[in-house]
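Asks: fold the stuff below for me.
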Amino acid sequence: MFASYLIGLREGLEATLVVSILVAFLVKSDRRERLPLVWAGVAAAVALSVGFGALLTFTAANLDSRSHEFFDAIASLAATVFVTFMIFWMRTAARRMSGDLRAKLTEALNLGATAVVVMAFLAVAREGLETALLFFAAAQGATTSASPLIGICLGLLTAVVLGWALYASALRINLTKFFTWTGLLLIIVAAGIFKYGVHDLIESGVVQVLTAPAFDLSGALPPDAWYTTLLSGMFNFTPQPTILETIAWVAYLVPVLVLFLVPPRKKDASRAPSATPASTSS
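Replies: All right, here's what the predicted structure looks like:
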């Protein structure tokens, strides 16, 4: 449930921030009559995201065992790529996101009502599709109970409440620290998803190398123990991973964590002096 809650909270808050920026811009510019267009785009993006999640679930449920494992593997690997890109993109784009959205919405307003709907739809749909894919991949290694669904719903609900509080100026959050800490946790979750994707490739028969167990912690972590279930649900941890799964987990986690923790280099504005135009004599 925790991993699903974290996914819903992180992705949901990003989407909520996008919506709040668009709404605040229209309200402050005295264009409230355009608000229904933004909400129409948001509603369409939510519907697309839910439909995409349902399509993934329906497709997986109607495949034979081997094809199901391969489908889950592709979904897990794709989710790992998307979440990694999202984490690093958000670290660099967060500061200019508000200005970019306002500029795009201004351009859409000049083009007409349809452009406003499409702009709001595209701004939210990316977050929604990422959430659906990431949730589907994370839930594959969890139990078959409703815990993952409850977790992501609670995360999205928390994100909406936080977004509304931020919009109403009733709450102040250091978003840089928030996205840093949730980014660290998501990297650990993504490492488990990546490992589980490799596991599914082995189960589907596509990969058949280094399939011997790397270690066995079944004695210390019984399958029916609550802490084993907690580790499995949060990080897709298994007490007896294969050598290839262990290599995949370490090969993803270590370099991505290092790159994420290294502060981004600031551009040196004084490095290259601006050239002065040459004067012409008549």
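Asks: when you work out contacts or count neighbours from here on, use the C-alpha atoms and nothing else.
Replies: Noted.
Asks: what's the neighbour count on residue 241?
Replies: Number of residues near residue 241 (other C-alpha atoms under 10 Å) recorded here: 20.
Asks: residues in contact with residue 29?
Replies: By C-alpha atoms under 8 Å, 6 or more residues apart in numbering, the contact list for residue 29 is empty.
Asks: now what about stretch 199-217, what contacts it?
Replies: Residues contacting stretch 199-217 (C-alpha under 8 Å, 6+ apart): 65-70, 72-73, 239-246.
Asks: among those residues, which ones are buried?
Replies: Restricting the contacts of stretch 199-217 to buried positions leaves 67-70, 72-73, 239-246, with burial counted as 16 or more other C-alpha atoms under 10 Å.
Asks: minimum pLDDT in those, which residue is that?
Replies: Of all the buried ones among the contacts of stretch 199-217, residue 239 has the smallest pLDDT value, namely 79.
Asks: report the contact partners of it.
Replies: By C-alpha under 8 Å, 6+ apart, residue 239 lies in contact with 215, 216, 217, 218, 221.
Asks: how near is the first one to residue 244?
Replies: According to C-alpha to C-alpha, to the nearest Å, residue 215 stands 12 Å off from residue 244.
Asks: related to what we said a few turns ago, farthest pair in the buried ones among the contacts of stretch 199-217?
Replies: 67 and 239 (25.1 Å; C-alpha to C-alpha).
Asks: for the residue nearest to residue 227 when sequence neighbours are not counted, give its distance to residue 215.
Replies: Among residues not flanking residue 227 along the chain, residue 221 sits closest, at 7.6 Å (C-alpha to C-alpha, 6 or more residues apart in numbering). Separation of residue 221 from residue 215 (C-alpha to C-alpha) stands at 12 Å.
Asks: which among the contacts of residue 239 gets closest to residue 102?
Replies: For the contacts of residue 239, the nearest to residue 102 is residue 221 (51.4 Å; C-alpha to C-alpha).
Asks: check contacts around the closest one.
Replies: Contacts of residue 221 by C-alpha under 8 Å, 6+ apart are 227, 228, 239.
Asks: rerun at 10 Å
Replies: 227, 228, 229, 231, 238, 239, 240 (C-alpha atoms under 10 Å, 6 or more residues apart in numbering).
Asks: which non-adjacent residue is nearest the fifth one?
Replies: Computed as C-alpha to C-alpha, 6+ apart, the closest residue to residue 238 that is not its neighbour in sequence is residue 232, at 6.3 Å.
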